[in-house]
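In: A structural model of the following input is requested.
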Amino acid sequence: MSDFLVSARKYRPVNFEDVVGQQAITSTLKSAISNNKLAQALLFTGPRGVGKTSCARIVAREINNFKINDDNSYNIFELDAASNNGVEGIRNLIDQTRIPPQIGKYKVYIIDEVHMLSSGAFNAFLKTLEEPPSHCIFILATTEKHKIIPTILSRCQIYNFKRITIDDIVSHLKKICEIEQIQYEDEALNQIANKCDGAMRDALQLFDKVVGINKNISLQVVLENLNSIGFDAFLEIVNLINKKNIPDLINRTNSILNQGISGDLFLSGLSSFFRDILVSKNKLSHKLLKLDRTKISKLSDLGSDLNYDYLIEYINILNEAEINFQKSINQRLLIELAVLKISSLELDNKKKKIKYKLIPISTFQTQVFKSHFSKKTVQKKSKPIADINLTDFETSTLSLKSIEKEKEITDVSSNVEELEYNLEKNISHKDITDTWDDYVNKQEYKGRYNIASILRISDPQFKDNIIIYSVPNNTAALEVEQEKQNLVLFIRRKLNSKINISLKIDKSINKKVAYTNKEKYELLMKKNPIIQELKNQFKLSI
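Out: Modelled structure (predicted):
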């Protein structure tokens, strides 16, 4: 059996200074231990491979002043909650806590993947976790904090571990390369760090895989063994897209996929490449790019030929393809279609309803926001075309419908002002009622039965070119007020006279609504008495 030890174990942190990318947590733990203010229960939560278990072991050694090569098995107990997730396992643990440590000051219980415990085990653990013996400290570790019941969380001091940054991973890999005397390229280590999604353990596993092939870590070796696509490959694809060379673009895309590159990784990588081009267009955002100056310069040259609208649409198309990738039966066709959409995209600014606009750099530099409105764009406040006299009328209702109608009302007001009226024309009450009924009938024909029924509550009164309309309550008045602009315009055009409307609330109005068949029949009888003869002639029943 080989004595080879993987780098994740060989270079596991042995003190707080060795932990990578978690300086805030390690400094807090170190200070708590030195001041003897460490809580009896700690919860380490975060993604995989970021140092949760390593920090738990370091805490256990530090509080007992153990050396690294000491036999700590009598004091430090590591349990796997996935295989001991029942109530019986927790009861055995509770029984062990009653026995004081044989050496050192504390017994430390490290429970990994604690979210795997059953609800019964959690409940059995509550009392001991809240008030353990003075010689016991519990350290819980989990990748899924949301699965832990709140009563457990409230009894623990929680430390949230973050993903390790690419710079920190690369720096750690360089130290290992110096120790192992391994030649490397910076871009190769960057590629490994980008592949591991912020997990140091994953980065070290990929590192071992590459080192096992060649002691000289080059970018080409990394790309071949990690199923990754290099910068130059994406650069070639983008150039073909800009030239709209569709045959070569399809061939190059398929050649990349034929190398064993996963389709979703191709879509994600191309989307990230366009994102980098978008970021490179502004010098203030170059710090977001984890690339050398030469590559940033190439991205800037590409960005100068592409406007923001195109880049955002490219990323949007690739994002949709990535979402639908797993659901697609013909995944290669989906990738080819996405690339074809990008290469054939033409934006028509006249038909395009939404246009992306970039905030100028000067806005961020000076933090001064200037108004873009000129005197020509400022609209005059339109004069009211109707006087409203609402007794005890109060409302604080703001609806989406009223906001959407704001433009329509403005247009109606401008049309009303442009009309020429016959001021000498005599308008009778019958003209008003006929026009009013005509408008109500048109609303019923459009299916607007609510406003039609409100406009039939009472008879409109007419005096001095003002229609006085009475409604029983504030709600009805609000509905008529929203409809008033269109109603006034209709009446003025119909009668060719400048007529206004005044609303009045009359709570004495009590319109009887016909509900039963008999009430409906009596209502029809009042409007048209001949219905009675029709009923008798055909011997109809109600």
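
In: For Asn441, which residues are in contact?
Out: Residues in contact with Asn441 (Cβ atoms under 8 Å, 6 or more residues apart in numbering) are Ala452. Bear in mind the C-beta positions are built from the backbone N, C-alpha and C, glycine included.

In: State the distance from Asn254 to Gln326.
Out: 20 Å (Cβ to Cβ, to the nearest Å).

In: These two: which is more packed in?
Out: Asn254 (13 against 9; other Cβ atoms under 10 Å).

In: How about the spatially most central residue of the chain, nearest residue that isn't a chain neighbour?
Out: The centroid of the chain falls nearest to Asn319 when counting by Cα atoms, centre = their mean (14.2 Å). Leaving aside its chain neighbours, Asn319 sits nearest to Ser271 (6.2 Å; criterion: Cβ to Cβ, 6 or more residues apart in numbering).

In: Spell out the secondary structure type for the one you found.
Out: At Ser271 the chain is in helix, as set by DSSP: H, G, I helix; E, B strand; the rest coil.

In: Pull the number of nearby residues for it.
Out: With neighbours defined by other Cβ under 10 Å, the count for Ser271 comes to 19.

In: Pretty sure the residue nearest to the centre of the chain sits against Leu270.
Out: No - contact criterion Cβ atoms under 8 Å: Asn319 and Leu270 do not qualify, at 10.7 Å.

In: who touches both of these two?
Out: Common neighbours of Asn319 and Leu270, counting by Cβ under 8 Å, 6+ apart, are absent.

In: mind checking pLDDT for the residue nearest to Asn319?
Out: pLDDT recorded at Ser271 is 89.

In: The one 4 residues further on now?
Out: As summarised for this prediction, Arg275 has a pLDDT of 89.

In: need the contact list for it.
Out: Contacts of Arg275 (Cβ under 8 Å, 6+ apart): Ile315.

In: what sits up against stretch 196-203?
Out: For stretch 196-203, contacts defined as Cβ under 8 Å, 6+ apart pick out 8, 20-21, 47-51, 162-165, 169, 172-173, 192-193, 195, 206.

In: Residue for residue, what is the longest helix the chain has?
Out: Looking across the chain with DSSP state H, the single longest helix is helix 474-495.

In: Now do the helices in the stretch 51-200 of the chain.
Out: 52-64, 87-97, 119-130, 150-153, 166-180, 186-195, 200-211 (DSSP state H, counting those that start in this stretch).

In: Nearest to Ala477, out of these?
Out: helix 150-153 (50.4 Å; Cβ to Cβ).

In: Quick one: distance of the closest one to the chain centre.
Out: Centroid displacement of helix 150-153 relative to its chain, using Cα atoms, centre = their mean, to the nearest Å, is 28 Å.

In: how far away is Gly89 from Ile148?
Out: Per Cβ to Cβ, Gly89 is found 17 Å from Ile148.

In: And for Gln443?
Out: 59 Å.

In: cool, Lys287 as well?
Out: 37 Å.

In: Buried only: go through the contacts of stretch 196-203 for me.
Out: Buried by 16 or more other Cβ atoms under 10 Å: 8, 20-21, 49-51, 163-164, 169, 172-173, 192-193, 206, out of the contacts of stretch 196-203.

In: And these, which is closest to Lys498?
Out: Taking the buried ones among the contacts of stretch 196-203 together and measuring to Lys498 by Cβ to Cβ, the closest member is Arg163, at 70.8 Å.

In: Now do the closest residue to the closest one other than its chain neighbours against Asn160, distance only.
Out: Ranked by Cβ to Cβ, 6+ apart and with sequence neighbours excluded, the top spatial neighbour of Arg163 is Gly198, at 2.8 Å. The spacing between Gly198 and Asn160, counted by Cβ to Cβ, is 14 Å.

In: Can you get me a residue count around the residue nearest to Arg163?
Out: For Gly198, using other Cβ under 10 Å, the count is 21.

In: burial of Lys430, as a residue count?
Out: If we define neighbours as other Cβ under 10 Å, then Lys430 has 9 of them.

In: tell me which element it is part of?
Out: helix 429-445 (DSSP states H and E).

In: contacting residues around the helix or strand just after that helix?
Out: Counting by DSSP H and E, the element after helix 429-445 in chain order, helix or strand, is helix 449-454. The set of residues external to helix 449-454 that reach it, using Cβ under 8 Å, 6+ apart, is 440-441, 443-444, 471, 476, 479-480, 483.

In: what mean pLDDT does whichever helix or strand comes after helix 449-454 have?
Out: Next along the chain after helix 449-454, taking DSSP H and E as the criterion, comes strand 461-463. Regarding strand 461-463, the rounded mean pLDDT is 85.

In: so Pro13 touches Ser54, yeah?
Out: Yes - assessed by Cβ under 8 Å, Pro13 is found in contact with Ser54 at 4.7 Å.

In: so what sits against both of these two?
Out: Taking Cβ under 8 Å, 6+ apart as the contact rule, Pro13 and Ser54 both touch Val19.

In: Would you mind telling me which of those two has the busier surroundings?
Out: Ser54 (22 against 17).

In: Which pLDDT value belongs to the more buried one?
Out: 89.

In: got the contact list for it?
Out: Going by Cβ under 8 Å, 6+ apart, the list of residues near Ser54 reads 12-13, 19.

In: top of the contacts of helix 449-454 by neighbour count?
Out: Val471 (23 neighbours).

In: right, and that one touches Val480 too?
Out: Yes - in this structure, Val471 is within contact of Val480 by Cβ under 8 Å, at 6.1 Å.

In: Mind checking which of the contacts of Ser54 land in strands?
Out: Nothing among the contacts of Ser54 maps onto strands, per DSSP state E.

In: Select from the residues you listed every entry located in helices.
Out: Using DSSP H, the subset of the contacts of Ser54 located in helices is empty.

In: For those residues, give me JSON lines that also has pLDDT and distance to Gln220.
Out: Output for the contacts of Ser54, formatted as JSON lines (pLDDT from 0 to 100; distance: Cβ to Cβ, whole Å):
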{"residue": "Arg12", "pLDDT": "87", "distance to Gln220": "30"}
{"residue": "Pro13", "pLDDT": "87", "distance to Gln220": "32"}
{"residue": "Val19", "pLDDT": "89", "distance to Gln220": "33"}
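
In: which stretches of the chain form strands?
Out: 41-45, 76-80, 107-112, 136-142, 157-160, 183-184, 216-217, 461-463, 466-471, 500-505.

In: so which of the ones you listed gets nearest Val59?
Out: strand 136-142 (6.4 Å).

In: helices or strands up against the closest one?
Out: Strand 136-142 is packed against strand 41-45, helix 52-64, strand 107-112, with contacts defined by 3 or more Cβ pairs under 8 Å, 6 or more residues apart in numbering; DSSP states H and E.

In: How far away from the center of its chain is stretch 58-70?
Out: Distance of stretch 58-70 from the chain centroid (Cα atoms, centre = their mean) equals 44 Å.

In: Over to stretch 442-457?
Out: 42 Å.

In: Now the terminal residues of that stretch, how far apart.
Out: End-to-end distance for stretch 442-457, by Cα to Cα, to the nearest Å: 17 Å.

In: Check which residues of it are buried.
Out: 443, 451-455, 457.

In: Of the helices and strands packed on strand 136-142, give the one that comes closest to Lys518.
Out: Smallest distance to Lys518 across the helices and strands packed on strand 136-142 (Cβ to Cβ): 71.2 Å, for strand 41-45.

In: circling back to that earlier point, report the mean confidence score over the helix holding Lys430.
Out: 86.

In: between it and strand 466-471, how many degrees?
Out: With axes from the mean of the first three to the mean of the last three Cα atoms, to 10 degrees applied, the angle from helix 429-445 to strand 466-471 works out at 50 degrees.

In: Measure how far the direction of helix 429-445 deviates from that of helix 474-495, in degrees.
Out: Interaxial angle of helix 429-445 relative to helix 474-495 (the same axes, to 10 degrees): 110 degrees.

In: follow-up on the earlier one: of all the helices of the stretch 51-200 of the chain, which one comes closest to Val488?
Out: helix 150-153 (60.3 Å).

In: Now Pro47. Nearest residue, chain neighbours left out?
Out: That would be Arg163: by Cβ to Cβ, 6+ apart, it lies 5.6 Å from Pro47.
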